[in-house]
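> Next comes the sequence, and after it the predicted model I'd like to discuss.
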Amino acid sequence: MIIHTMFTEQTFNIPDLKGISKKNIEEHLKLYAGYVKHANLVMQKIAELTQTDAEKYSYEISELHRRFSFEFNGMRNHEVYFKSLEKGAKSFSPESPLAKMIAERGGSFDAWLAEFKAIALTRGIGWACAFFDPVSGELLNAWVDEQHLGQLQNCALILGLDMWEHSYVADYQPSGKKQYVEDFFANVNWSVIEQNFAEVS
């Protein structure tokens, strides 16, 4: 039988946040735990069906693989999201490698962040993401539908902002999406984002 490494639920040191309630974070973490659980369950089921009769269950196996990308990306995206809120807000460093890369390409941090915030206000559910492309050396902002449609191939996720309604509607109501985005960035620990970038660039 094929044995897969089990994915482990991570814990996060998230302090009180501006605008985003402790109750909302607690509920959001439960949802993240569900992604970890179901990523493991899907992998186990794929292994069982493959061992039993891969040809007979080829349709079920292929559909489980389709489901796996949703569960796995939900798990990993949330880990990036929650880590960026750990240990209290820290300002963006103009001396960081990330800042220098933005400046070298003729941009400013404020302009880059304004573009990212605009992407976050895309209608529908999904993620606003900043990826690093190791081939071009570029930092790419992108919208990802749900959490598995639009991920950029071979790129590393540096910053992920959850724009599913569960991430903000309890505190902000549907009309408060823009304020949620502003408060998220008021709470971000930029040293985490800068470290994410440093590890992959």
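Alright, I've got the coordinates. Numbers count the residues shown, from 1 in each chain.

> how does this structure divide into domains?
What automatic domain parsing lists as the domains of the chain is 22-83, 97-200.

> Quick one: end-to-end distance for the first one.
Right, the one you point to is domain 22-83. Length of domain 22-83, first residue to last, CA to CA, to the nearest Å: 15 Å.

> let's number from 250 now, not from 1
With the count now opening at 250, the last piece we talked about shows up as domain 271-332.

> Dump the domains of the chain into CSV; add mean neighbour count as well.
Bear in mind the C-beta positions are built from the backbone N, C-alpha and C, glycine included. Conversion of the domains of the chain to CSV gives the following (neighbours: other CB atoms under 10 Å):
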stretch, mean neighbour count
domain 271-332, 16
domain 346-449, 17
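
> Among those, which comes closest to E258?
Distance to E258, taken as CB to CB, is lowest for domain 271-332 among the domains of the chain, at 4.4 Å.

> pLDDT of that closest one, averaged?
In this model, domain 271-332 has a mean pLDDT of 92.

> Kindly report the same for stretch 416-430.
The pLDDT scores in stretch 416-430 average 96.

> Quote the end-to-end distance of it.
Span of stretch 416-430 from end to end, CA to CA: 10 Å.

> hmm, who's touching it?
268-270, 272-273, 276-277, 366, 369-370, 410, 412, 414 (CB atoms under 8 Å, 6 or more residues apart in numbering).

> Just give me the residue right at the centre of the chain.
In the chain, the centroid-proximal residue (CA atoms, centre = their mean) is N326; its distance is 2.4 Å.

> Give the closest residue to it in space, chain neighbours not counted.
Nearest residue to N326 in three dimensions, chain neighbours excluded: G409, at 4.9 Å (CB to CB, 6 or more residues apart in numbering).

> Would you double-check that that neighbour falls in a strand?
Yes. Looking at G409 with DSSP: H, G, I helix; E, B strand; the rest coil, it is inside a strand.

> Test my guess that it contacts V329.
Yes. With contact defined as CB atoms under 8 Å, G409 reaches V329; the gap is 4.3 Å.

> Look through the protein and tell me its longest helix.
Determined from DSSP state H, the single longest helix within the chain is helix 271-302.

> Just checking, which helix or strand succeeds that helix along the chain?
Proceeding N to C from helix 271-302, the next assigned helix or strand is helix 307-332, under DSSP states H and E.

> That following helix vs helix 271-302, what angle?
Here the directions of helix 307-332 and helix 271-302 differ by 150 degrees (axes from the mean of the first three to the mean of the last three CA atoms, to 10 degrees).

> who does helix 307-332 touch, helix- and strand-wise?
Here helix 307-332 touches helix 271-302, strand 405-411, going by 3 or more CB pairs under 8 Å, 6 or more residues apart in numbering; DSSP states H and E.
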